[in-house]
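Trainee: Next input, structure requested:
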Amino acid sequence: MKIFLDHVRGGKVVRIDVGKQLDFTAYKRFTRATLRALEDPEVVAIVVDLSATHLLFDSGKAMLIDLKMRADSLGIPLRLLNSSPEIWHKLSMVEYSKIHLNRYANVGVYSRSLR
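Mentor: Take a look at the predicted model:
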């Protein structure tokens, strides 16, 4: 799992490349991403790139909910990118009434939506 800071029109985006699986081990990285967003006033969103993710555990779903609440407390959106249909299906099976996880094809598509 890696964290990047992408420059987009209108600011910066903290991007988290999850890797092959999303589970509780994401906690520390998600915390680092949140701190990076907190420390930089130019950050306009946090995005989670699921392009390489093949395994999604219940603890990973919980980590996404936690990250969404953190992003909300910072006043910035959380977006999911590049999820496979299988991963998106697993996410859609969970009741996310408290949160809205938006899915974008890639960072470019997301950055265009910021305009």
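
Trainee: got the residue ranges for the helices in the protein?
Mentor: 27-39, 58-74, 85-92, 107-113 (DSSP state H).

Trainee: Now do the same contact list for Val44.
Mentor: Counting by Cβ atoms under 8 Å, 6 or more residues apart in numbering, Val44 makes contact with 8, 10-13, 76, 114. Every C-beta, even on glycine, is put in place using the N, C-alpha and C of the backbone.

Trainee: Narrow these to just the buried residues.
Mentor: Listed as buried from the contacts of Val44 are 8, 11-13, 76; burial here means 16 or more other Cβ atoms under 10 Å.

Trainee: Of those residues, just say which sits nearest to Tyr27.
Mentor: Ile76 (19.3 Å; Cβ to Cβ).

Trainee: residues contacting that closest one?
Mentor: 37, 43-46.

Trainee: Is it possible to get a markdown table of the residues you listed that adds pLDDT?
Mentor: Shown next, in a markdown table, are the contacts of Ile76 (pLDDT from 0 to 100):
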| residue | pLDDT |
| --- | --- |
| Ala37 | 95 |
| Val43 | 95 |
| Val44 | 94 |
| Ala45 | 94 |
| Ile46 | 94 |
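
Trainee: JSON lines please, covering the residues you listed and showing distance to Met69.
Mentor: As requested, the contacts of Ile76 are arranged in JSON lines below (distance: Cβ to Cβ, whole Å):
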{"residue": "Ala37", "distance to Met69": "13"}
{"residue": "Val43", "distance to Met69": "17"}
{"residue": "Val44", "distance to Met69": "18"}
{"residue": "Ala45", "distance to Met69": "15"}
{"residue": "Ile46", "distance to Met69": "12"}
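
Trainee: confidence score at the residue most central in space within the chain?
Mentor: Residue closest to the average C-alpha location in the chain (Cα atoms, centre = their mean): Val48, at 2.7 Å. Note for Val48: predicted pLDDT of 93.

Trainee: Correct me if wrong: it contacts Ile65.
Mentor: No - here Val48 lies out of contact with Ile65, judged by Cβ atoms under 8 Å, at a distance of 11.9 Å.

Trainee: just to revisit the earlier point, from the contacts of Ile76, pick the one nearest Gln21.
Mentor: Ile46 (19.4 Å).
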